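# sequence and predicted model, in that order:
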Amino acid sequence: QTALDVVEARGSRALLSLLSNGSADAQPLALGSLAALVPVARELKVSASQIRQLCGWLQHERADCRDDAAVVLALLAADDRNARAVLAAGGGQGLLRVSRTGGDDGRKSADAGLAQLANRLLGAYAEDLRGSALLSENLFWSVDMFSLFGHELDAVYPSLKAAEGNFFFELVHFCCILACRRLPSGGDAAAREQEVLAVKRVLEDFQNEAAALAFFASIFSHIALRSRQRVADFADFNAADLSDIAHLGVEVLNRVRGMTLAEGALTDLYQRYLKHEPPTQWKQLFKEATKTAYNLKYMFRESLSKTKRKFVEHLDKNLEGKARELFSELIEDALGMYNGLVDQETLAATDFLTNPQALVNVVRDGVADADERVKLLGEIAAKYMQTYIEHDPPMLPLTPHHTQVCAMLILSQFFERRDECLRDFD
């Protein structure tokens, strides 16, 4: 009741004045008295200069003064009119310090104050940031970093905001995580400005490149998750490389565009890179994927039905009479026993791009129940492919063309039946 009487008698205004103009001995007492009034005070009317002064107390040598300042600032941060001034005066960084080192009441109030700053200044992003490592970084609790989460950027980067998977937030969050690791103490104004400009350059790159944006938004969740779970992996990574990586990904995917299984296999490869490979190697790995795309195109554009059709169509191009009759039988027998060395659907479901042995296994499994001739060709192919895997450096093995296998089977049929062929077909 006494505290309420003091508040109703405008005692808080007098204490704020004493805090500004009182003696060195009176000021800590005034601050402590203000903190004692907080439980019954619905609000405090303060000027910007008084907020700056209160934020300064968060750095005071006396622990009790820091705790008392945190109690008062937690109340002020709950008011939209004060929240930005508290952040601009370094209140966020000061409250973060008290949340780590203060007494029980100080830590509790500091945590409440930080939560209020986030809720008042970040809007819906405050929920997205819940549990984020950013909340423990000095640099984050600055006007510079908060500006990257402001809704005024919605109109600047509309394509990013519309991208799937909350891409805009996740990209900004990732870039800010890297910035905070570069400036763990928070840095000076010039350094903070440079970090914000670097983040905006990344955002602009994706805003202006629709294809790169669509591709990267579809796989960025792997980067976001990894940065939350193992942020140390990104110690030497430069966020400016993200747009180059995205462009490389689009360029290589375009080489197999329209080949659904090849696109899926290549996308799976990219995702494995992002999940497991050192981030500093991503750019080179995506660049080397050009060769992988060639191999994928080789394997997944193969069409057994087209191969069989072409063999039949060519019967009437250069053959007639007994020669055509013989060749027709040879083709019919060869194509009847051959259903391919590799099932493309099965292959696409494996990790053969990073585990080439899986491709060899698919070949062997694919011919396990086939005709003995096909089984032998499958084993020859598997042995040959194994030499690619054992090469230094290892290479991705390729299967024979359907045309090659069919030709081998036609020839083997002829040699098996050569006496019959000479007798019956001259």
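In hand now; what should we look at?
# okay, now Ser303: neighbour count?
Using other Cβ atoms under 10 Å, Ser303 is surrounded by 13 other residues. C-beta coordinates here come from the backbone N, C-alpha and C atoms, glycine included.
# so what's it closest to, chain neighbours aside?
Using Cβ to Cβ, 6 or more residues apart in numbering and skipping the chain neighbours, the partner closest in space to Ser303 is His402 (7.5 Å).
# confidence score at the one you found?
With respect to pLDDT, His402 has a value of 92.
# again, but for Glu390
Glu390 is given a pLDDT of 90.
# could you measure from it over to Tyr384?
Distance of Glu390 to Tyr384, computed by Cβ to Cβ, to the nearest Å: 11 Å.
# who has more neighbours out of the two?
Using other Cβ under 10 Å as the criterion, Glu390 and Tyr384 rank with Tyr384 on top: 14 against 10.
# how about the contacts made by the more buried one?
Neighbouring residues of Tyr384 by Cβ atoms under 8 Å, 6 or more residues apart in numbering: Pro397.
# let's see that with 6 Å instead.
By Cβ atoms under 6 Å, 6 or more residues apart in numbering, the contact set of Tyr384 is empty.
# for the remainder of this discussion, apply numbering that starts at 40.
Understood, numbering begins at 40; the last thing we discussed is Tyr423.
# am I right that the residue nearest to Ser342 is in contact with Ser344?
No: using Cβ atoms under 6 Å, His441 makes no contact with Ser344, being 9.4 Å away.
# look at the two and report which has more neighbours.
His441 (22 against 8).
# show me what contacts Leu435?
With Cβ under 6 Å, 6+ apart, Leu435 has these contacts: Asn334, Pro395.
# ignore the last one, Leu305
Neighbours of Leu305 in contact, by Cβ under 6 Å, 6+ apart: Leu335.
# ok, now Lys314?
Lys314 neighbours (Cβ under 6 Å, 6+ apart): His261.
# residues of whichever strand or helix holds it that come out buried?
Lys314 is part of helix 299-315 when elements are defined by DSSP states H and E. Buried residues in helix 299-315, counted by 16 or more other Cβ atoms under 10 Å: Leu300, Ala301, Glu302, Ala304, Leu305, Asp307, Leu308, Tyr309, Arg311, Tyr312, Leu313.
# how about the CA coordinates for that helix, as PDB?
Below are the C-alpha coordinates for helix 299-315, written out as PDB (Å, rounded to 0.1, in the frame of the first residue of the first chain):
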ATOM      1  CA  THR A 299      12.200 -36.100 -63.500                       C
ATOM      2  CA  LEU A 300      14.300 -38.900 -62.100                       C
ATOM      3  CA  ALA A 301      17.600 -37.100 -62.900                       C
ATOM      4  CA  GLU A 302      16.300 -33.900 -61.400                       C
ATOM      5  CA  GLY A 303      15.300 -35.700 -58.200                       C
ATOM      6  CA  ALA A 304      18.700 -37.500 -58.000                       C
ATOM      7  CA  LEU A 305      20.600 -34.200 -58.400                       C
ATOM      8  CA  THR A 306      18.400 -32.400 -55.900                       C
ATOM      9  CA  ASP A 307      19.100 -35.200 -53.400                       C
ATOM     10  CA  LEU A 308      22.800 -34.800 -54.000                       C
ATOM     11  CA  TYR A 309      22.600 -31.100 -53.300                       C
ATOM     12  CA  GLN A 310      20.700 -31.800 -50.100                       C
ATOM     13  CA  ARG A 311      23.300 -34.200 -48.900                       C
ATOM     14  CA  TYR A 312      26.000 -31.600 -49.600                       C
ATOM     15  CA  LEU A 313      24.100 -29.100 -47.500                       C
ATOM     16  CA  LYS A 314      23.500 -31.500 -44.600                       C
ATOM     17  CA  HIS A 315      26.900 -33.200 -44.400                       C
END
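# gap between that helix and the chain center?
13 Å (Cα atoms, centre = their mean, to the nearest Å).
# now that helix: mean pLDDT?
pLDDT averaged over helix 299-315 gives 87.
# equivalent analysis for stretch 155-165, please.
91.
# just the buried positions in it, please.
Buried residues in stretch 155-165 (16+ other Cβ under 10 Å): Gln155, Leu156, Ala157, Arg159, Leu160, Leu161, Tyr164, Ala165.
# look up how far Ser72 lies from Ala65.
Taking Cβ to Cβ, one finds Ala65 at 10 Å from Ser72.
# please identify which of the two sits among more neighbours.
More crowded of Ala65 and Ser72, by other Cβ under 10 Å: Ser72, with 18 against 13.
# what's the distance between the one helix or strand that one maps to and the middle of its chain?
Following DSSP H and E, one finds Ser72 within helix 65-76. Distance of helix 65-76 from the chain centroid (Cα atoms, centre = their mean) equals 48 Å.
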